Each structure stands twice: as C-alpha cells, then as structure tokens.
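> no sequence on this one, just coordinates:
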Ligand SMILES: [Cu+2]
C-alpha cells in the first residue's frame, strides 16, 4: 500500500494509536504481513534487541519492506529505520550491446511460489504469504570474540524469488540482532541465449531505500570518504545539502551516513545508519542512470522510476534535514562458466547458474550506547 502524504497518514494513525508504531499501522500492515522477532531467539534467555517490520509482495518489485523498526533494548523506544525499501530496477545489458533488459520496469514479473525445500524448517524456515515468501531465523556465526570470551549472533532473513523468464532473482532482506540490516539480490536459474554461445552480461540492481530514521522529518545524509595524505589519513564527511548523485570510489571506501536531528544515544552522540556497499565492481553503461552509484532525492510519492533518476535531481531541491530517499546501484558481473551448464554438440544439457549476489549493509552508527550483545 503506497502512501501519498506521510504526514497525513501519521496524523490519522495517531488517532488509532495502539501498541503498534503509528507509521506501521499507517502503512496498512497487520496479521500475516507483520513480522516481529526478538533476540536472542531463545525465550529462556533475557531479551536484548527486537525488530518489527512489514513486508509486501508487489508486482514488478517483488519483496518490499515497509515500516521497519528496531529496539536496542526492552527499555528503549522503538526507532524507525525504514519507511519503504525495495528493489526498483533490474538492468541487464549484454556485452554485445543487445539485449538490454529492464526486468522490472519493462515486464510484469512477480514472486514465484516456494516449497518447503526452498525454506526448510530445519534451518529455521517458515513459509509466509501463500508460500511466496520464506522467513528464516537462525544463527549467523560469530558476532564477536575476545580470546576466550565469545558471542555468536542471530538473524532473521526474509526472501522471495522473482520469476523473470529464464532468470530468477532472489531478493533477500536480513535483520540482525545487532541492529544491522542487509539487502542483497542474487541472480540464478538459466542463462539467456537458447542454442547460442553464452554471452557475458551485467545484472545491475537498483535499490530505492526510503530511510526514515526516527520518523520521516529531520533526516540528513552525509557522504563519507576516506583520504590518504602522505603518512596520514582522514575520513571527511560532506553533508548532502541538495539532491545529488555520487560515485562509489573503492579507494575512498565511500559510504553514506544518515542521521536524524532528534536521535541521540545515551552518550549524547548523533545516532545514524551507514549505508555500506558490498560490491565487486562498478557497472557503467551508455544509459545516464548507470553513471552514478548513489542518488539522494527528496521523498516524492511519484518518483519511483530508475530511468528517470537524472531528472529527479534537476532542479536540485534541498534535502538536508528533510525526508530523503537513497538510491543505490551495484551489479553482479556474470561471465558464463561451464559450471553454469554447457552445450555438447547439439545436446542441450541442464543449465543452471548458481546464485551470484550483490548488495549492501545498513549499519548502526552510535545508535547503541555501548557494544551490543555484550557480554
Ligand atoms: Cu547472468
């Protein structure tokens, strides 16, 4: 359910205010689309942290997250992180120049139904929404160790697969016990090309992240860039005052930090979330919308189309201390392998490409008052 005016919706929902945060109620989430998870998962242990969010199965976009809230301790208030997080485009240009699929805007694909084999109970799996979505709650490996002291972490993973013709795109959202949220997309299934030689291509993934930290007003984005100066180094942060686009620079470890004018931790430090890319390269193509890796725009209900991104930032409206949307672009570069399947003479052998991932991390920065999950 999309919302034209966040303020109207929030004011309306305050009238109905109950235990569920107003924005969550406002976004029309209840029953099977509301997911709540406490950590540790074992209820015999005292609760530490908790996530609460809504999901939607949306035509074209697949699996969308709405109204994600995190609570850093049972005594702390809920803090909103996400208003709406979605994959906004899958752009797949082939190396010969054609085809150049826009698998989201150019088609009408949706999630396909999963089976218990996709989502086994043995790994903490539960099928949701008529089996279109899998929720997995499980151990995530080491959270930290300090010699003999150690803590393992846990996470909730929500995923679904878009059936895009010969390809399947797995959309995966992870909510960790340490407040981290991860988004990634994996390309799998069969290569395009029928009986011809398999051609290399790019699976470009565009995320639209409407981050409403502690509510939609008062959010500010900074670009953080590492710089080496002789033997010294620094990490200056530049506030994004007006709508703009940015490149990811591997030598600068470019990340975007979002903070909110009213959100501080007990140490009095501004609380934020860092958007940290998890990528293996930078996909640039002829199309204007592929020339940047990050875009910061002012929230507008009507602005949902990736090919129009260059237009959304002209004229550049003020975004500092505003309701901002971050767009992030990365790709899985697919060089077909014999492991994806192969042709022997005219015999078409079963042909499946294993999942290749690309994505990002949203990491709390001065949200907790001290090390979480410790000791
Ligand atoms: Cu591929």
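Here it is on my side, so go on. Note that the structure is a prediction, hence the values are computed from the model and not measured.
> quick one: the helices in the stretch 51-200 of the chain?
In the stretch 51-200 of the chain, no helices are defined using DSSP state H, counting those that start in this stretch.
> for it, what spans make up the strands?
Using DSSP state E, counting those that start in this stretch, the strands assigned to the stretch 51-200 of the chain run over residues 62-71, 79-93, 100-102, 125-128, 133-146, 149-164, 167-176, 181-189.
> Flag every buried residue along the fifth one.
When neighbours are counted by 16 or more other CB atoms under 10 Å, the buried residues of strand 133-146 are found to be 133-137, 140, 143. Placement of C-beta: from N, CA and C, glycine included.
> how about JSON lines for those residues, with pLDDT and distance to residue 368 added?
Converted to JSON lines, those look like this (pLDDT from 0 to 100; distance: CB to CB, whole Å):
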{"residue": "133", "pLDDT": "98", "distance to residue 368": "29"}
{"residue": "134", "pLDDT": "98", "distance to residue 368": "29"}
{"residue": "135", "pLDDT": "98", "distance to residue 368": "25"}
{"residue": "136", "pLDDT": "98", "distance to residue 368": "25"}
{"residue": "137", "pLDDT": "98", "distance to residue 368": "22"}
{"residue": "140", "pLDDT": "98", "distance to residue 368": "18"}
{"residue": "143", "pLDDT": "98", "distance to residue 368": "13"}
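> Give me the buried stretch members for stretch 253-273, please.
Neighbour count says stretch 253-273 has 254-260, 263, 265, 270-273 buried, by 16+ other CB under 10 Å.
> let me redo that: stretch 355-373
By neighbour count on 16+ other CB under 10 Å, the buried set for stretch 355-373 is 355-368, 372-373.
> Apart from its chain neighbours, what residue comes closest to the residue nearest the centre of the chain?
For the chain, the residue nearest the mean C-alpha position is residue 183 (3.2 Å; CA atoms, centre = their mean). Leaving aside its chain neighbours, residue 183 sits nearest to residue 359 (5.2 Å; criterion: CB to CB, 6 or more residues apart in numbering).
> tell me the SS of that neighbour?
Three-state assignment for residue 359 (DSSP: H, G, I helix; E, B strand; the rest coil): strand.
> Now do the contacts for it.
With contact set as CB atoms under 8 Å, 6 or more residues apart in numbering, residue 359 has these partners: 172, 182-185, 205, 278, 330.
> Tell me the pLDDT of it.
Note for residue 359: predicted pLDDT of 98.
> Tell me what it is bridged to.
For residue 359, the beta-bridge partners under DSSP bridges are residue 184, residue 278.
> circling back: list the contacts for the residue nearest to the centre of the chain?
Residue 183 neighbours (CB under 8 Å, 6+ apart): 85, 87, 171-174, 207, 209, 359-360, 362.
> So what's the residue count around residue 226?
By the criterion of other CB atoms under 10 Å, residue 226 has 14 neighbours.
> and the gap between it and residue 278?
Between residue 226 and residue 278 the computed distance is 17 Å (CB to CB, to the nearest Å).
> now swap in residue 187 and tell me
With distances taken as CB to CB, residue 187 is found 15 Å from residue 278.
> These two: which has the busier surroundings?
Legend: neighbour count by other CB under 10 Å for residue 187 and residue 278, higher for residue 187 (26 against 13).
> what's the spacing between the residue nearest to residue 180 when sequence neighbours are not counted and residue 232?
Excluding the flanking residues, the one nearest residue 180 by CB to CB, 6+ apart is residue 363, at 5.3 Å. Separation of residue 363 from residue 232 (CB to CB): 25 Å.
> Next: residue 358.
Separation of residue 358 from residue 232 (CB to CB) stands at 33 Å.
> Same question for residue 308, what's its three-state structure.
Under three-state DSSP, residue 308 comes out as helix.
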